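1. What follows is a predicted protein model with its sequence.
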Amino acid sequence: MTDFVVAQFVGLSAALLGIGLFGILTRRNFILLLIAIEIAINAAVLNFVYFAGFATGPGGVSGQAAAVVIVGLAATEVAVGLAIVLALNRQRGSINVAEATTLRQ
Amino acid sequence: MDPVSWTWFLPEAFLLGAALLVFLLDVLGVEKLEAFGAVAVGATALSLLAVVADLGFTPLSFLSTLPPSVVDSGGGATSLYAFSSLGLVFQGVFLSSALLVSLASLSRPSHEKGAAVFYGLLLMATLGMMLVAVSADLIFLLLAIEVTGIATYLMVGYTRKDARGLEAAMKFYIIGALSTALSFFGASLLFGAFGSTNLLVLSQGLGGISNHSLALVGYAFLIVGLGFKVTLVPFHAWAVDVYDGAPTDVSAFLAGGTKKMGVFAFFLVFIGPLSILTVRAVNCTGTVCIAPYDFRPTVELTLGLLAIVTMTLGNVLALLQKEMKRMLAYSSISQAGYMMIGIAIGTAPALAGATLQILAHVFMKAGAFLVVAGVSALGVGPLIAQYRGLGQRRPYLGVAFALMLLSLAGIPLTVGFVSKFILFSAAVQASTVAGQSFFFWLAVAGLLNSALSVFYYARVLKVMYMESPDASVPLDGPAGDPTGGLGYGRSAAILLAVVAIVALGVYPQPVFSAIQAAATHFVASGA
């Protein structure tokens, strides 16, 4: 593979990661934050699928397997996140992250 | 390697079985909290004994689950796990912290809800840490870290009624998910550069390397992602709020247990032949030919600078704290800096020193948090100033807490002194090699920071012993209770921690020689 092709694809997944990180840092609504987290994790999935195409031998299979496993992991993460959102919403009737400031700096 | 046998994973299986049993008992409507606690204590104690037996402690050899030929035999280019003796030492560290915390939690108020969830998650988190210690593949390693991560996010907020706990869980979750995304992105870049995620393949460049910049960027992402787990400055800010807002027993587990998991992940990825840093010459593959490139100086410098910044900032901010839990949290951050010294240097003595420091930190820091939990159950407030007179009113508890703080400060005759001494002398020793004089400054920074840390630990001692007690706080506990309101479980856990601190401080040789052998093997042949 040439460096140029790699740069194009990694640029795509890096942009995805960047969008996710930007969302994690700026979103105040917990649900939107969860979506941002999903986008950031999917950047890694895209990379694994892409690089698996180049790997010769057993490496290619392991790359695709890793992608599937990470998709499952991301679903688990979000399930836990939703549990925390539900408890937060019951507790204070709001899922705004910026309002949670009981713990002082 | 011997044919794989399921008995190798018996310690992990105990934990998994116990976690499932706890959840099952909860569903079946068992209401005796002691039952859950007994399952957790029993499973962690049994696993701990098995791991000690696997390390070659002959009197327990009947409990051994690993044939000696498997330990340190190394993993193949396709294996997901490998049993190294240093990994077994770390399994012992993780299990000790889980044992201390579950033992202390036996003394929780009997009306408290959610005890089954707490013990079940504690066991699952410990299982994840155990798997980190045997992993030989980057994906396996990151998934094991996630098992622990997901369990601990829930542990922080398990009470669900406590606003502070929930807020801490939320912050912990966001930061944890962020670090997951960054770690996996780093792993995917390394996969792109090397065509595999196996640590052996990464380390020796078995499949050749297609792109050095991909590898270097992948490494940077991994340092950041794992740095969040180890609370390296500048990725530390979450730790203070989480340790402060979490139920204090959970803080003890986070500071004493799960943080070390991140340190061992650093060991696996960055040290020894298993790390990519040893790739000194790379063959040309196909038409693409790239000059040999040595990552080691760059990564050593990065990790060394992170170590210095982490311990200094942690100590300075700890000095400024008025609340006990926040002070302990910042001190925990600075201790992570000491551990990073060992990783930056990466020689066998430094690794042994860092491992002893990690073992010591379980008893010092988890012990201190367990004391704080017990004291606040008596009605003492969160401020350091509210601990006044504790040493006079509760002499035994006072001595125990004082010993933990002195050990954290690194005073002789405690294990905190021994581990720091070994670590800093390893840094000086490594600096004599040409071109590595930088390591000398790591030792200097560590020593200066130890001196600085004495101030804030001594301040607590002064409050505890020199100021008169607050008469309005019922420090003595209910009348007729021999443990003075602490409960038997918590008293036993605190006693265990104090005995370990003093025993390892006075006579560290047996444990340290085992750690030394394991570290030498780890550096020489990898996991």
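-> Arrived safely. Numbering: from 1, shown residues only, chains lettered A, B, ... in the order given.
2. What residues does the stretch 1-150 of chain B have near chain A?
-> B:T78, B:I139, B:L143, B:E146, B:I150 (C-beta under 8 Å from any C-beta of the partner chain). (Glycine included, C-beta is placed from N, CA and C.)
3. Going through those, which ones are buried?
-> Buried by 16 or more other C-beta atoms under 10 Å in any protein chain shown: B:I139, B:L143, B:E146, B:I150, out of these.
4. element containing residue 36, please.
-> You didn't pick a chain, so chain A it is. helix A:30-52 (DSSP states H and E).
5. oops, chain B please
-> Judged by DSSP H and E, B:F36 forms part of helix B:33-54.
6. Please write out the alpha-carbon positions of that helix in CSV.
-> Taking Å, rounded to 0.1, in the frame of the first residue of the first chain, the C-alpha atoms of helix B:33-54 are listed here in CSV:
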residue,chain,number,x,y,z
LEU,B,33,-25.8,-9.3,53.2
GLU,B,34,-23.2,-11.4,55.0
ALA,B,35,-23.9,-14.2,52.5
PHE,B,36,-22.8,-12.0,49.6
GLY,B,37,-19.8,-10.8,51.5
ALA,B,38,-18.8,-14.3,52.5
VAL,B,39,-18.9,-15.4,48.8
ALA,B,40,-16.7,-12.5,47.7
VAL,B,41,-14.2,-12.8,50.5
GLY,B,42,-14.0,-16.6,50.0
ALA,B,43,-13.5,-16.4,46.3
THR,B,44,-10.8,-13.7,46.4
ALA,B,45,-9.0,-15.4,49.3
LEU,B,46,-9.0,-18.8,47.4
SER,B,47,-7.8,-17.2,44.2
LEU,B,48,-5.1,-15.3,46.0
LEU,B,49,-3.8,-18.6,47.6
ALA,B,50,-3.8,-20.3,44.2
VAL,B,51,-1.9,-17.4,42.6
VAL,B,52,0.6,-17.5,45.5
ALA,B,53,1.0,-21.2,45.0
ASP,B,54,1.6,-20.7,41.2
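7. Flag every buried residue along the helix or strand following it.
-> Counting by DSSP H and E, the next helix or strand C-terminal to helix B:33-54 is helix B:85-105. For helix B:85-105, a neighbour-count test (16+ other C-beta under 10 Å) marks B:85-105 as buried.
8. rewinding a little: buried stuff in the very next helix or strand once past the helix holding A:A36?
-> Downstream of helix A:30-52, the first helix or strand assigned by DSSP H and E is helix A:58-92. Residues of helix A:58-92 classed as buried by neighbour count (16+ other C-beta under 10 Å): A:59-60, A:62-63, A:66-67, A:69-70, A:73-74, A:77-78, A:80-81, A:83-85, A:87-88, A:91.
9. Kindly report the same for stretch B:50-65.
-> By neighbour count with 16+ other C-beta under 10 Å, stretch B:50-65 contains the buried residues B:A50, B:V51, B:V52, B:A53, B:D54, B:L55, B:G56, B:L63, B:S64, B:T65.
10. Just give the nearest non-adjacent residue to B:F264, would you?
-> Computed as C-beta to C-beta, 6 or more residues apart in numbering or on different chains, the closest residue to B:F264 that is not its neighbour in sequence is B:F90, at 4.8 Å.
11. and that neighbour, what pLDDT?
-> In this model, B:F90 is scored at 96, pLDDT.
12. Could you do B:S275 as well?
-> 47.
13. Find the closest residue to chain A in the stretch 351-500 of chain B.
-> Closest residue of the stretch 351-500 of chain B to chain A, C-beta to the nearest C-beta: B:P382 (11.0 Å).
14. Name whatever forms a beta bridge with the nearest residue to that residue once chain neighbours are set aside.
-> Distances taken as C-beta to C-beta, 6+ apart put B:E323 closest to B:P382, at 4.8 Å, once the chain neighbours are dropped. Beta bridges link B:E323 to B:L383, judged by DSSP bridges.
15. now B:E323: how far from B:V380?
-> B:E323 sits 12 Å away from B:V380 when distances are taken as C-beta to C-beta, to the nearest Å.
16. Tell me the predicted confidence for the residue nearest to the spatial centre of chain A.
-> Note on chain A: the residue nearest the mean C-alpha position is A:I41, at 2.3 Å, using C-alpha atoms, centre = their mean. A:I41 is assigned 95 on the pLDDT scale.
17. Provide a list of residues in contact with the residue nearest to B:F264.
-> B:V132, B:A133, B:K260, B:F264, B:T355, B:I358 (C-beta atoms under 8 Å, 6 or more residues apart in numbering or on different chains).
18. if I look at the second one, how far off is B:L214?
-> I take that to be B:A133. From B:A133 over to B:L214 the distance is 28 Å, taken as C-beta to C-beta.
19. for chain B, which spans come out with low pLDDT?
-> Applying pLDDT under 70 to chain B picks out residues B:1-2, B:110-111, B:204-210, B:272-295, B:434, B:525-527.
20. list the helices and strands the longest helix belonging to it packs on?
-> Secondary structure of chain B per DSSP state H: the longest helix is helix B:163-194. Contact here means 3 or more C-beta pairs under 8 Å, 6 or more residues apart in numbering or on different chains; DSSP states H and E; on that basis helix B:163-194 packs against helix A:3-26, helix A:30-52, helix A:58-92, helix B:138-156, helix B:199-204, helix B:212-230, helix B:237-245.
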